[in-house]
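Undergrad: Everything below, folded, please.
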Amino acid sequence: MRFGLEKKIILPYLPIFLVIFAIAVLSARSLDELKRINRSILEEDAYLIQAADKMEEAILAQESYGRRYLILNSMEMLDLFRQREREFNQLADKVTALPLSENLPLQELRTLHARFSELYTGASDAAAISPDSGEFDELAGSLFDRMTALLDLMVQAGEKGQLEKMETANRIGIRSFQITALLSLLGIIMGLGAASLITRSLAGTIRRLKQATEIISAGEYDHCPQIDTRDELGELAGALRLMASSLSRLEQLSLDSNPLTRMPGGLAIENTLSMRLAEKASLAFCLVDLDNFKSFNDRYGYARGNDVIRATAAIIRDAVAEHGGEEDFIGHIGGDDFAVITDVRRYEAICRTIISRFDESIAAFYDETDRARGYIAAHNRQGLQVTFPIMSMSIAAVIADGKKEMNHIKVGEIAAELKAYAKSLPGSVLVRDRRENGPVPEPLDHPTLRVLQ
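TA: From the prediction side, this is the model:
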């Protein structure tokens, strides 16, 4: 499983995220519990206290209206008395519906209130007692005192319930704070520990990569940093190893490259050919040589000869770029000799293009007089005048199909033999070799191309 830098950087925050989540869950539960307690205080205890106060006000009002009714015999006072009676009963019904009503003396309170109401309305035997007698006042006062005492008990029950629930809420708050503080401390410790470990690991890996870079930049391309982490730094170490290997090959190519064309030289050509042959690849090794180049050099000098070499190198590059593939290789053996290693299916198009463009452009390097004559006239060592035709090109192509055992030495020998044969033919030619019983020339489509089979 790949554990990248992004995950490693996020990892120290994971304990903090978990702590935050745990604190959020704990806070939600605590808030829910506190909400339930507050609702209970408001809807039960506070309401009980408020209801008890209103019930006491109701019986006080009843007593006042009842005495006025008995003195004045006023139906209006009786209606007000009944109204307060109904108010008291409604409050008693609501208190009865509360969850804590089981522990309240509501039944006794209702009974006393009923007797109290009947005393003033004459609905019971107690009504026979004269309102003006001391017995009436004593009975009314006794009922009133007992009811207010019961209402005081209800108020005390409400206040006690409030206090207990507030203490419970306080304990919940303290407990939540303690757990939150503990979780926060634990999350910070775990986060710092994970961050320290990961930071130390990343810093060590980066330090080794830095050292490896410095070593490789100093020219020790064989240095291989041992970093096996499954992250971007491990991938970077692998890329660094590949870069070092590529730099090593490039250095070899640079040391071996031809200073005139900047193409890989003979050593690189030999190594590439040996590697392709060892891989049993199907390839064509094309040896390119210019005919009559020495006479041109003698006639016009090395500077113009170098121009021809550079132009030829450009023609070869362009032809391979147009008709070749990414794996094709171009090299400059030296002087006027070049090499192309390509796929068997592409070599003929490449070689035809090289020869065609070379033949089209080479005459422009000659002076107008020599170009008009079609040759260079010169004297040899014996003082005799000899002529050399306009330069042409000979290409020897050796085909390796991967079926036969071949090595770079054998391919070089065959190519040299083919080149010698090609140079004996007039004009620009391509000769190729697929020999079983020796070279046999056979013309191709182009009249200046030949094939040896």
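Undergrad: shaky segments in the stretch 51-200 of the chain?
TA: Within the stretch 51-200 of the chain, the ranges that satisfy pLDDT under 70 run 123-133.
Undergrad: Heading C-terminal from the helix or strand hosting Ile330, find the next helix or strand.
TA: Element membership of Ile330, judged by DSSP states H and E, is strand 329-334. The helix or strand immediately downstream of strand 329-334 is strand 337-343, counting by DSSP H and E.
Undergrad: I would like the residues contacting that following strand, please.
TA: Residues outside strand 337-343 that contact it (Cβ atoms under 8 Å, 6 or more residues apart in numbering): 263, 269, 272-273, 276, 282-289, 312-313, 316, 320, 324-325, 327-333, 347, 350-351. Every residue, glycine included, has its C-beta placed from N, CA and C.
Undergrad: Return the members of the residues you listed classed as buried.
TA: Buried members of the contacts of strand 337-343, counted by 16 or more other Cβ atoms under 10 Å: 263, 269, 272-273, 276, 283-289, 312-313, 316, 320, 324, 328-333, 347, 350-351.
Undergrad: what's the spacing between Lys410 and Ser394?
TA: 20 Å (Cβ to Cβ, to the nearest Å).
Undergrad: Please identify which of those two sits among more neighbours.
TA: Legend: neighbour count by other Cβ atoms under 10 Å for Lys410 and Ser394, higher for Ser394 (24 against 14).
Undergrad: nearest spatial neighbour of the more buried one, skipping sequence neighbours?
TA: Once flanking residues are discounted, Ser394 sits nearest to Ala422: 3.7 Å by Cβ to Cβ, 6 or more residues apart in numbering.
Undergrad: show me what contacts the one you found?
TA: Asp289, Ser394, Ile395, Ala396, Val429, Leu430, Val431, Arg450.
Undergrad: between these, which is nearest Ala58?
TA: Set against Ala58, the nearest of these by Cβ to Cβ is Ile395 (124.5 Å).
Undergrad: Go ahead and report the secondary structure state at Glu327.
TA: In terms of secondary structure, Glu327 is coil; the call rests on DSSP: H, G, I helix; E, B strand; the rest coil.
Undergrad: Where do the domain boundaries of the chain fall?
TA: The chain breaks down into these domains under automatic domain parsing: 5-191, 260-452.
Undergrad: what about the residue lying closest to Glu85 once chain neighbours are set aside, which helix or strand?
TA: Counting by Cβ to Cβ, 6+ apart, Glu85 lies nearest to Ser117, which is 5.2 Å off, once chain neighbours are set aside. Ser117 is located in helix 106-121, with elements delineated by DSSP H and E.
Undergrad: same check, this time on Ser184
TA: Secondary-structure element containing Ser184, defined by DSSP H and E: helix 134-217.
Undergrad: could you give the angle of that helix to helix 106-121?
TA: 140 degrees (axes from the mean of the first three to the mean of the last three Cα atoms, to 10 degrees).
Undergrad: helices or strands next to helix 134-217 in the packing?
TA: helix 5-10, helix 13-40, helix 47-72, helix 106-121, helix 232-256 (3 or more Cβ pairs under 8 Å, 6 or more residues apart in numbering; DSSP states H and E).
Undergrad: got the ones you listed as a markdown table, with mean neighbour count and distance to Ser356 columns?
TA: A markdown table is the format used below for those (neighbours: other Cβ atoms under 10 Å; distance: least, Cβ to Cβ, whole Å):
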| stretch | mean neighbour count | distance to Ser356 |
| --- | --- | --- |
| helix 5-10 | 14 | 55 |
| helix 13-40 | 14 | 67 |
| helix 47-72 | 18 | 108 |
| helix 106-121 | 18 | 119 |
| helix 232-256 | 15 | 29 |
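Undergrad: what about the ones you listed, which gets the closest to Gly158?
TA: Proximity to Gly158 (Cβ to Cβ) singles out helix 47-72 among the helices and strands packed on helix 134-217, at 3.8 Å.
Undergrad: For the strand or helix carrying Ile409, C-alpha coordinates in CSV please.
TA: Using DSSP H and E, the element containing Ile409 is helix 408-423. What follows is helix 408-423, C-alpha atoms only, in CSV (Å, rounded to 0.1, in the frame of the first residue of the first chain):
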residue,chain,number,x,y,z
HIS,A,408,29.0,-6.1,-33.5
ILE,A,409,32.3,-7.4,-34.9
LYS,A,410,30.6,-9.6,-37.5
VAL,A,411,28.2,-6.8,-38.5
GLY,A,412,31.2,-4.4,-38.9
GLU,A,413,33.0,-6.8,-41.1
ILE,A,414,30.0,-7.4,-43.3
ALA,A,415,29.3,-3.6,-43.5
ALA,A,416,32.9,-2.9,-44.5
GLU,A,417,32.7,-5.5,-47.3
LEU,A,418,29.4,-4.1,-48.5
LYS,A,419,30.8,-0.5,-48.4
ALA,A,420,33.8,-1.5,-50.5
TYR,A,421,31.5,-3.1,-53.0
ALA,A,422,29.2,-0.1,-53.0
LYS,A,423,32.1,2.4,-53.6
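Undergrad: Make 155 the first number, not 1, from now on.
TA: All set: I'll call the first residue 155, so the last point we hit is now helix 562-577.
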